[in-house]
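S.K.: what follows is a predicted protein model with its sequence.
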2 protein chains.
Amino acid sequence: MQRYFLPYDYDEQATFELRDSDFHHARNVMRMTVDDECFLVFQNQVAIKASIVSIEESAIIFSEVSKEEMQKEMPVNVTIACGYTKGDKLELVAQKGTELGMHELIGFPSKTSVVKWDEKKRVKKTQRLEKIVKEASEQSHRQVVPNIQLYSSFKELLEKAKDFTYCLVAYEESSKQGEKSQFVTTLSACKPGESLLIIFGPEGGLTPDEIKVLEEYDVKSCALGPRILRAETAPLYALSATSYQWELCGK
Amino acid sequence: MQRYFLPYDYDEQATFELRDSDFHHARNVMRMTVDDECFLVFQNQVAIKASIVSIEESAIIFSEVSKEEMQKEMPVNVTIACGYTKGDKLELVAQKGTELGMHELIGFPSKTSVVKWDEKKRVKKTQRLEKIVKEASEQSHRQVVPNIQLYSSFKELLEKAKDFTYCLVAYEESSKQGEKSQFVTTLSACKPGESLLIIFGPEGGLTPDEIKVLEEYDVKSCALGPRILRAETAPLYALSATSYQWELCGK
């Protein structure tokens, strides 16, 4: 069933209005008519099944049928931070990460990042990524659309790290040395309502210097299994494992 | 360090030869010279670090330096079977699945598959996928290159299912109904040396009839968390969770 995200909090009302691009999508692409149903999802993670009461010139009017009972969001908010990579890799992480339950996506410049994104490029890229995560949120039945932040410096990432309960960095050298326990220990320690930041390097990896600075900010190095994962694959591994641990094993 | 897969089993020898396309890659792309080192991986999962003794006209001659001690393969062989999908989705599963430890990749026609692949197309696609998994195996430090099988019928998949210790099918309806335990139960039951087949539908999903037939062949339906994953994302979730359970939690 189609899903639309509304830019305000849920509040008990008689009716709800769908406007702008979602209105056009519902009317012209989905060709929805009176009595058709869809999900409306609000900023405060409330989702309702709603039925069309009327179609006006610039809005569709819905009434609530029922609340969506099933929890679609992970119990701990997971933020993924990726060093800037070439090509469409960040787009892939945005789309798949949204399906896999990521709460927020951060991009940052790392010493080995081949691409340099100025402010104009970052604004354009942010818009593109926001479109991708919105569509992926609709398709995957999310109750929250992930937030996108593209930083201009590594320092911004370090400042941001202070906001989280736990911070990890996936480090290839840890994998090569057979490190196994840090990721499991952290996922086991997280409690509902807490937050976890997981940092990933670009194609060339993070430098030992960057890892050292991150450790000073209490970010712990971890391995994600014995194989070497590409920059865009590692975040998908981390999110899948997190969902498995928290949503299927139900720790 | 560069990795080459040799098409025969390891056997204690004084020297090893690299020929054909890998020879050209090592000599012309990597520009390797005498005393340079790389990993040589044999059909029977033995990997050795080897050093160049000499470069001949059509072969590079290596001597063994040491065995690779670290286990890079999952303790249980996981085969991923995907219904034929549009575009490059199977290529994505081939590449990322290889990084994530997949042992074998099967493609099969499902009732909702939009694409129809005749024998000529399947042969061409197999060659393409084999190239992708070989390159991904080198990059991710695998000790086995995943096998590729593209079937002409759903019946072939049913016959194949008999070869496995455990068989699962990821089913969207199970996710919607909040099923949580089957995947966890199966991963927990698997013992080293056993085999697991996980089946995924194409974009349109498997039909209730196909699920029913699979269940008759002792394939169990499972959900992979509360969100709806795309056809190409679900196999990556399953492999990541499997690696997490078996290689990081070390069950």
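M.R.: Cool, got the structure. A quick note: this is a predicted structure, and the numbers were derived from the prediction, not measured. Numbering: from 1, shown residues only, chains lettered A, B, ... in the order given.

S.K.: how about the helices in the stretch 151-251 of chain A?
M.R.: Ranges of helices within the stretch 151-251 of chain A are A:154-161, A:172-176, A:181-189, A:208-216, A:234-243, based on DSSP state H, counting those that start in this stretch.

S.K.: quick check: what element follows the host helix or strand of A:T98 along the chain?
M.R.: Assessed by DSSP states H and E, A:T98 sits inside helix A:89-99. Of the helices and strands lying after helix A:89-99 in sequence (DSSP H and E), the nearest is strand A:104-108.

S.K.: kindly report the residues of chain A close to chain B.
M.R.: A:70-72, A:96, A:99-101, A:139-142, A:178, A:180-181, A:183-184, A:223-230, A:233, A:236-238, A:240-241, A:243-245, A:247-250 (C-beta under 8 Å from any C-beta of the partner chain). No exception for glycine: its C-beta is placed from N, CA and C like everyone else's.

S.K.: minimum distance to B:A47: which of the helices of the stretch 151-251 of chain A has it?
M.R.: helix A:172-176 (13.7 Å; C-beta to C-beta).

S.K.: and the closest one, average pLDDT?
M.R.: Helix A:172-176 shows a mean pLDDT of 80.

S.K.: check stretch A:84-103 too.
M.R.: pLDDT averaged over stretch A:84-103 gives 96.

S.K.: still on that earlier bit, can you name every helix or strand that the helix holding A:T98 contacts?
M.R.: strand A:77-83, strand A:104-108, helix A:119-140, helix A:234-243 (3 or more C-beta pairs under 8 Å, 6 or more residues apart in numbering or on different chains; DSSP states H and E).

S.K.: cutoff 10 Å now
M.R.: Other helices and strands packing on helix A:89-99, by 3 or more C-beta pairs under 10 Å, 6 or more residues apart in numbering or on different chains; DSSP states H and E, are strand A:77-83, strand A:104-108, helix A:119-140, strand A:147-150, helix A:234-243, helix B:89-99, helix B:234-243.

S.K.: what lies in contact with stretch A:5-12?
M.R.: By C-beta atoms under 10 Å, 6 or more residues apart in numbering or on different chains, the list of residues contacting stretch A:5-12 from outside reads A:16-20, A:22, A:39-48, A:62, A:64, A:67, A:134, A:137-138, A:142-145.

S.K.: quick one: buried residues of it?
M.R.: A:F5, A:L6, A:Y10 (16 or more other C-beta atoms under 10 Å in any protein chain shown).

S.K.: so what's the gap between stretch A:191-206 and the chain middle?
M.R.: 12 Å (C-alpha atoms, centre = their mean, to the nearest Å).

S.K.: repeat that for stretch A:171-184.
M.R.: For stretch A:171-184, the distance to the chain centre is 24 Å (C-alpha atoms, centre = their mean).

S.K.: just the buried residues of the residues of chain A next to chain B.
M.R.: For the residues of chain A next to chain B, buried by 16+ other C-beta under 10 Å: A:72, A:96, A:99-101, A:139-142, A:180, A:183-184, A:223-230, A:233, A:236-238, A:240-241, A:243-245, A:247-249.

S.K.: coming back round to it: any chance of a markdown table for the helices and strands packed on helix A:89-99, columns distance to B:M32?
M.R.: Listed next are those as a markdown table, based on distance: least, C-beta to C-beta, whole Å:
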| stretch | distance to B:M32 |
| --- | --- |
| strand A:77-83 | 29 |
| strand A:104-108 | 35 |
| helix A:119-140 | 38 |
| strand A:147-150 | 39 |
| helix A:234-243 | 28 |
| helix B:89-99 | 24 |
| helix B:234-243 | 31 |
